[in-house]
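Q: Predicted model and sequence follow; I will ask about them next.
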Amino acid sequence: MDALKSSRLSVADLFPVRSGVRPVEMGPMYVGWNILPRVGEACQAAGLAGRAVVGMDVNTQKAAGDAVVSCLQAAGYAVRSILIGPADGSRFLSNSNLSRWMLSQCDPLPDFFVSVGAGTLTDIVKYAAYLVEKPFAAVATAASVDAYTSNIAAMVDGEVKKSLPCRAPAMVLADMDVIAGAPPDLTLAGYGDTLAKFTSCGDWVMAHELWGEAYQREVAVATFQSARELLDRAEAVRAREPKAMELLMRGQLALGIAMWLADSSRPASGAEHLVSHCWDMLAVREHTLPAYHGYQVAVGTMQMARLYEIFDREHVWRDGVEPVREAFARLGRERQTALARLGADPAEVGKNWESEAALSHFRQSVSLVWPQLRDKIGEFLVPVYELEGAYRRAGCPVEAAAVGIDPATAERTFLDARYLRSRFTILDLFDAFRPLSSAVAEVVR
Ligand SMILES: [Zn+2]
């Protein structure tokens, strides 16, 4: 069978959910070996026509960008390429200003955009395409992120890390020869991010059960399964074995689709991501570069998995509970301090108990439902030792120091992450019963 046709995947191939889930309009996706030369045909099959602008950086230009440009030209497209980021090839962060700069270089506007890169490049180009309401196609260069198909562009906007809107891709192409040849850090970061789905789905079902947040069990289960498949393949990912690399890439595409299906980033992002966002913002303020997203998330995932484990093992919902009056006063103080430090808008982070009575009522409801709730959350969590073992075998960091975060900063982040978004997570659950600081020594390593 033709290599391009046989590598073509639909939403249903990647994400087998059936009922009760809203449909997602996504162009064809291709995951296969040596399919980059067919990128022109793939764009044609997606109905893309006219003039294209291809966004890349100097590294992805070598890896795939030049080939994409010449293949598109050979297929009859008028193509312009725009180089984004430092000329010396050093790393940079996705920033909404770069999307606007890219648009300023497009005169006239193209009929569609093509990103050639991993998370940073994809986010910059897809946000630019969104701003001018043009389609975009993604040529992936690493299995590091879910950005190719996700429903947000995660970017620094001002000094704050935001989830900006975007369109679904008109076409995604992942040539596994390119993906397997990506820098090893990017592949391992992708592995770090993939295993975060255990805690993100745990947080999601908890927020649903305790706060009635919208939740699709089918989406959560399929998301969990794609992460579960990779849990035992740590060595294979590290060795970049073809089968494991394909699974990793397909898992990233599936995850982006999950976010569209859920109409939320919930399946992909829980407290472990809030921690990573705080570290990104810290780096922006200090004019440094943060560690790779997936590496930070691996550390965040370990922390949240440990926190869940302590909550359950020590019966935090029942034993050693902080008196309600003290807890309510402390929560108010900590919230103010964290919001001031983050520069966050208190209206956006409404998460708070309105009164001592409300906090007390919340605790009572948790105590009542915890035996059932722990089983529902436990469906998604894997034991800490298993998670840590997989990360270590893959070569992912599991401690804050390994992503350049000292213990004092890690402890502070732990509290700030709770107030970065209105999203309810294990951080909030724990903090309602005992100060998070009481768990820091064991959780933040
Ligand atoms: Zn992520």
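A: Good, I have the coordinates.

Q: When you work out contacts or count neighbours from here on, use the C-alpha atoms and nothing else.
A: OK.

Q: give me the low-pLDDT residue ranges for this structure?
A: Applying pLDDT under 70 to the chain flags the ranges 1, 18-21, 344-351.

Q: What ranges does it have for its strands?
A: 8-9, 29-32, 51-56, 78-83, 112-117, 136-140, 152-157, 160-165, 171-175 (DSSP state E).

Q: So which of the ones you listed is the most surrounded?
A: Mean neighbours per residue, mean count of other Cα atoms under 10 Å, is largest over these for strand 136-140, with a mean of 30.

Q: who touches that one?
A: For strand 136-140, the external contacting residues (Cα atoms under 8 Å, 6 or more residues apart in numbering) are 43, 112-118, 122, 125-126, 129, 148, 167, 169-175, 179.

Q: Could you do stretch 267-274 as well?
A: For stretch 267-274, using Cα under 8 Å, 6+ apart, the contacting residues are 196-197, 199-201, 203-204, 219-220, 223, 255-256, 258-259, 297-301, 303-304, 417-418, 420-421, 423, 425-427.

Q: Show me the domain layout of this structure.
A: 3-182, 193-215+266-443 (automatic domain parsing).

Q: how about those, which one is nearest residue 240?
A: domain 3-182 (6.3 Å; Cα to Cα).

Q: thinking again about what came up before, taking the contacts of stretch 267-274 one by one, which sit in helices?
A: 197, 199-201, 203-204, 219-220, 223, 255-256, 258-259, 297-301, 303-304, 426-427 (DSSP state H).

Q: What sits closest to residue 67 if chain neighbours are left out?
A: residue 37 (7.2 Å; Cα to Cα, 6 or more residues apart in numbering).

Q: could the domains of the chain go into a markdown table alongside distance to residue 237?
A: Formatted as a markdown table, the domains of the chain follow (distance: least, Cα to Cα, whole Å):
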| stretch | distance to residue 237 |
| --- | --- |
| domain 3-182 | 10 |
| domain 193-215+266-443 | 7 |
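
Q: Compare the ones you listed and give me the one nearest residue 250.
A: Comparing those under Cα to Cα, the one sitting nearest is domain 3-182, at 6.9 Å.

Q: circling back to that earlier point, please identify which of the strands of the chain is closest to residue 431.
A: Across those, closest to residue 431 is strand 160-165 (Cα to Cα), at 23.9 Å.

Q: Which other helices and strands does the closest one contact?
A: Counting by 3 or more Cα pairs under 8 Å, 6 or more residues apart in numbering; DSSP states H and E, the packing neighbours recorded for strand 160-165 are helix 119-131, strand 152-157, helix 271-285.

Q: Can you show me the CA trace of the shortest one as PDB?
A: What follows is strand 152-157, C-alpha atoms only, in PDB (Å, rounded to 0.1, in the frame of the first residue of the first chain):
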ATOM      1  CA  ILE A 152      -4.600  25.800  23.000                       C
ATOM      2  CA  ALA A 153      -1.400  27.700  22.200                       C
ATOM      3  CA  ALA A 154       0.500  27.700  25.500                       C
ATOM      4  CA  MET A 155       2.500  30.900  25.400                       C
ATOM      5  CA  VAL A 156       4.000  33.700  27.400                       C
ATOM      6  CA  ASP A 157       1.800  36.700  26.900                       C
END
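
Q: just to revisit the earlier point, give me whichever of the helices and strands packed on strand 160-165 is most buried.
A: Highest mean neighbour count among these (mean count of other Cα under 10 Å): helix 119-131, a mean of 25.

Q: Check which helices and strands that helix sits against.
A: strand 51-56, helix 96-104, strand 112-117, strand 136-140, strand 152-157, strand 160-165.

Q: Great, nothing more from me.
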